[in-house]
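Take this sequence and fold it.
(2 chains)
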Amino acid sequence: MDSKRKMDSPESNVLTRSSPFPDEVLERVLGLVKSHKDRSSVSLVCKDWYNAERWSRTHVFIGNCYSVSPEIVARRFPNIRSVTLKGKPRFSDFNLVPLNWGADIHAWLVVFASKYPLLEELRLKRMTVTDESLEFLATTFTNFKALSLLSCDGFSTDGLAAIATHCKNMTELDIQENGIDDLGGGWLSCFPENFTSLEVLNFANLSSDVSFDALEKLVSRCRSLKFLKVNKNITLEQLQRLLECAPQLTELGTGSFHQELTTRQYAELESAFNNCKNLNTLSGLWEATPLYLPVLYPACTNLTFLNLSDAALQSGELAKLLAYCPNLQRLWVLDTVEDKGLEAVGSSCPLLEELRVFPADPYEQDVVHGVTEMGFVAVSYGCPRLHYVLYFCRQMTNAAVATIVKNCPDFTHFRLCVMNPGEPDYLTNEPMDEAFGAVVKNCTKLQRLAVSGLLTDLTFEYIGKYAKNLETLSVAFAGSSDWGMQCVLSGCSKLRKLEIRDCPFGNEALLSGLEKYESMRSLWMSACNVTMNACRRLAKQMPRLNVEVMKDEESDDSQADKVYVYRSVAGPRRDAPPFVLTL
Amino acid sequence: MEGAVAYESDLNLKATELRLGLPGSDEAEKEALSGVRNNKRASPDTSDECGSKGSSNGDRENAPATKAQVVGWPPIRSFRKNSFQPKKTEAEAAGMFVKVSMDGAPYLRKIDLKVYKGYPELLQALQHMFKFTIGDYSEREGYKGSEYVPTYEDKDGDWMLVGDVPWDMFMSSCKRLRIMKGSDARGLGCGA
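Numbers count the residues shown, from 1 in each chain, chains lettered A, B, ... in the order given. Here you go, the predicted model:
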């Protein structure tokens, strides 16, 4: 590394250097700076620091794969071992972005193959990854260790087989929630018999059976295995055997938690969980019933994260379980637990920092179950440290939200989804403006906000005026006029991501943010009142922004149905499919 | 005058339209749509979604049609829709009716398992309903000495002998019952 560096930069005369440290020392020190935000700041101090930083950086985080090209990245950072890349706009998770939109990893891998042959880690979110790419990755990078794919698409289990077959030093294989073609579980059997380095294995969202024999042997010989998340097809009996092999696990995702066990098997399972004293994270638990939940109790003492979003628990079951989880910090549940279950959360989990409540029946209109504002309020009374919430409900009131943020003023992430679009405060029938007003006034540390319900421009006036630390804002079916969006663009100085759908914001609003967009990662506007002409104007005036439009089939020519605007140093993208118009 | 009324664009076809909504729910539909533009998106990806495990089809189409379906709303990730089937708790369901067939009987019956507190009551009811008798149950020998054997199909699709597992477990796993007769029953622990 040192010899390469000397070739690159001219020999510095000691008298003229601005830094009192030799470069090697500077690089050593800066090498300890981990956060990519801090590193960005470091690189801006002076030229020496910029150089020291770029030579010492081993991990690069790219929040929008189209904001930069792989060549530019490789030129600036010669010694990268770990890459994190995010691709598609977040609304692609909800089918608002057509397939084949882009964000294909392959072009990056080709550059990495020549510039970072020693690449060890790749973490991708919302990227398209083909089997060919996975095979290329597996066969090209001999030192490759960690692959994490979240919400990606384009590959099948064949690609996973290639990884398992060729990556001799794999420590992490984390396949989460992807649009994957599951052609069978044979991939797991591709890990060679002498392969022992795995520390993280997550295949919870794959649907086909893996060979249990292969899995058991793999778990037995990988003595450093810390995270294991299996899929639904693994039975309780099989789980017990896995736990016997790996009592050292710190994160466990179970398979199906429902099987007819004999008394002896039940006891063995209980004993297996009893031996897992190091568990801090538990998930899976499909079809968990009151009969089997008690086997978990002895393993819950040190749990900090409990993910019950795949288990439709009732309030009583949840309450009993939570009594054994005194150290819980993060809890994800389904709304089958109802307000009563959330009351139990409030009384059992004083250390809770994060709560996510997902709807069991999101499309069912006539459901009288689920959670209401009462549950949320109950949690806020019992959990003063709460700072992250994602809450799906069918009714809410301004007063309840005001109470909640009074009890929990430290919210950094407040994502409230009242599921019926445009739903007012159900008691007063008024808009929910005051609710979100209370949130932004009280929660000065707020970084991420998702709003819902009937909202006028007043909500956005509040946001623009008070949410000074806001970085991400999600808006749907809200607002009255351009003014709302203008308030946000002019008031939220730290705004980085703005995603809007089905709102009456139009050209004036779009164009009011001209300079603002260069300080943001991206803007998404779909089903609003924006025209093609306004987008063209934006593109013309701001050459460093990429302005992309996707049109719906039935809309007329002048409407810009889906607009995606993002800053980029790489210019307009060259891989845009025909349905993406780059202006 | 009469011409205009009869052939006016508004033939009030809505009044005769067959729809799944409650009468008078039209207004609600309009309100829901007021914030929604272009909800009939011709997006090619609705059939091929992220997180698809082959069982995702028609997830949105299954919802009742009283409100129009909005693409991508509520904002739930695909994998959450696919992998979860809401558990209809037996406590909330009206009853736990399962079909009962008897070999040789011309038609099936249905019984509500919730009505019974345990195996003795269930077996008594079955014997009464189908007019047969069975012997006593033992773990080792099943229903020894009976011409008939009560069996049930569990969640995995296997045929099991009634009585082996605790009653609660049986209740939650029994999908249907079958009274097996004669030679068929031999394999289920009725003798060597």
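
Would you list the phi and psi of the closest residue to chain B within the stretch 401-550 of chain A?
Scanning the stretch 401-550 of chain A for proximity to chain B using CB to the nearest CB identifies residue A:477 as nearest, at 4.0 Å. No exception for glycine: its C-beta is placed from N, CA and C like everyone else's. Main-chain dihedrals, residue A:477, degrees, to the nearest 10: phi 50, psi 50.

Equivalent analysis for residue A:442, please.
phi -80, psi -30.

okay, now it: neighbour count?
Counted with other CB atoms under 10 Å in any protein chain shown, the burial measure for residue A:442 works out to 19 neighbours.

What count of nearby residues applies to the residue lying closest to it once chain neighbours are set aside?
Leaving aside its chain neighbours, residue A:442 sits nearest to residue A:405 (4.2 Å; criterion: CB to CB, 6 or more residues apart in numbering or on different chains). For residue A:405, the count of nearby residues is 23 (other CB under 10 Å).

try residue A:78
By other CB under 10 Å, 15 other residues sit near residue A:78.

Equivalent analysis for residue A:533, please.
Neighbour tally, residue A:533, other CB under 10 Å: 12.

picking up where we left off before, what's the helix or strand for the residue nearest to residue A:442?
Per DSSP states H and E: residue A:405 is located in helix A:398-407.

Tell me which residues of that helix come out buried.
Counting neighbours by 16 or more other CB atoms under 10 Å in any protein chain shown, one finds that the buried residues in helix A:398-407 are A:398-405, A:407.

what do you get for stretch A:109-118?
Neighbour-count burial for stretch A:109-118 flags A:109, A:111-112, A:115-116 (criterion: 16+ other CB under 10 Å).

export these to JSON lines and tack on secondary structure?
Listed next are the buried residues of stretch A:109-118 as JSON lines, based on DSSP: H, G, I helix; E, B strand; the rest coil:
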{"residue": "A:109", "secondary structure": "helix"}
{"residue": "A:111", "secondary structure": "helix"}
{"residue": "A:112", "secondary structure": "helix"}
{"residue": "A:115", "secondary structure": "helix"}
{"residue": "A:116", "secondary structure": "coil"}
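
which residues does residue A:294 contact?
If a contact means CB atoms under 8 Å, 6 or more residues apart in numbering or on different chains, then residue A:294 has A:270, A:320 as its contacts.

Assign it to helix, strand or coil.
With three-state DSSP as the basis, residue A:294 sits in helix.

Show residues contacting the helix holding residue A:405.
Contacting residues not belonging to helix A:398-407 are listed as A:373-374, A:376-377, A:380-381, A:384, A:411, A:414, A:416, A:425, A:427-428, A:430, A:432-436, A:438-439, A:442-443 [CB under 8 Å, 6+ apart].

Give me the subset of the residues you listed that lies in helices.
A:373-374, A:376-377, A:380-381, A:433-436, A:438-439, A:442 (DSSP state H).

ok, what's across the strand from the closest residue to residue A:526 other than its chain neighbours?
Using CB to CB, 6+ apart and skipping residues adjacent in sequence, the residue nearest residue A:526 is residue A:562, 4.3 Å away. Beta bridges link residue A:562 to residue A:526, residue A:550, judged by DSSP bridges.

any idea how far residue A:269 is from residue A:562?
Separation of residue A:562 from residue A:269 (CB to CB, to the nearest Å): 50 Å.

Next: residue A:449.
To residue A:269, residue A:449 is 43 Å away according to CB to CB.

Pick out whichever of the two has more residues nearby.
Neighbours per residue, other CB under 10 Å: of residue A:449 and residue A:269, the larger number sits with residue A:449, 24 against 21.

For that one, give me the pLDDT.
What the model reports for residue A:449 is a pLDDT of 98.

I'd say it and residue A:471 touch.
No - Residue A:449 is beyond contact range of residue A:471, at 9.2 Å (criterion: CB atoms under 8 Å).

Which helix in chain B has the most residues?
The residue-count maximum for a helix in chain B (DSSP H) belongs to helix B:119-130.

other SSEs contacting whichever helix or strand comes after it?
Once the chain leaves helix B:119-130, the next helix or strand it forms, by DSSP H and E, is strand B:137-138. Using 3 or more CB pairs under 8 Å, 6 or more residues apart in numbering or on different chains; DSSP states H and E, no helix or strand is in contact with strand B:137-138.

Quick check: neighbours of strand B:137-138 in the sheet, parallel or antiparallel?
Sheet pairing of strand B:137-138 (DSSP bridges) gives strand B:142-143 (antiparallel).

Indicate the residue of the stretch 101-250 of chain A located nearest to chain B.
For the stretch 101-250 of chain A, CB to the nearest CB, closest residue to chain B: residue A:179, 3.5 Å.

Residue B:106 - how many residues pack around it?
Neighbour count for residue B:106, taken as other CB under 10 Å: 5.

Likewise for residue A:475?
26.

pretty sure it is in a helix, no?
No - using three-state DSSP, the assignment for residue A:475 is strand, not a helix.

Would you map the helices across the stretch 101-250 of chain A?
For the stretch 101-250 of chain A, applying DSSP state H, counting those that start in this stretch gives helices covering A:106-115, A:131-140, A:157-166, A:212-221, A:236-245.

give me the low-pLDDT residue ranges for chain A?
Scanning chain A for pLDDT under 70 picks out A:1-19, A:365-368.

Residue B:101 belongs to a strand?
Yes - Residue B:101 forms part of a strand when assessed by three-state DSSP.

Touching, it and residue B:180? I think so.
No - taking contacts as CB under 8 Å, residue B:101 lies outside contact range of residue B:180: 9.4 Å.

More neighbours: the two, which one.
A direct count of neighbours by other CB under 10 Å for residue B:101 and residue B:180 places residue B:180 higher, at 23 against 15.

I'd assumed residue B:152 was in contact with the more buried one.
No - Residue B:180 lies out of contact with residue B:152 (CB under 8 Å); the separation is 10.5 Å.

what is in contact with those two at once?
Common neighbours of residue B:180 and residue B:152, counting by CB under 8 Å, 6+ apart, are absent.

neighbours of the closest residue to residue A:186 other than its chain neighbours, just the number please.
In space, and not counting its chain neighbours, residue A:186 is closest to residue A:161: 6.5 Å by CB to CB, 6+ apart. Using other CB under 10 Å, residue A:161 is surrounded by 23 other residues.
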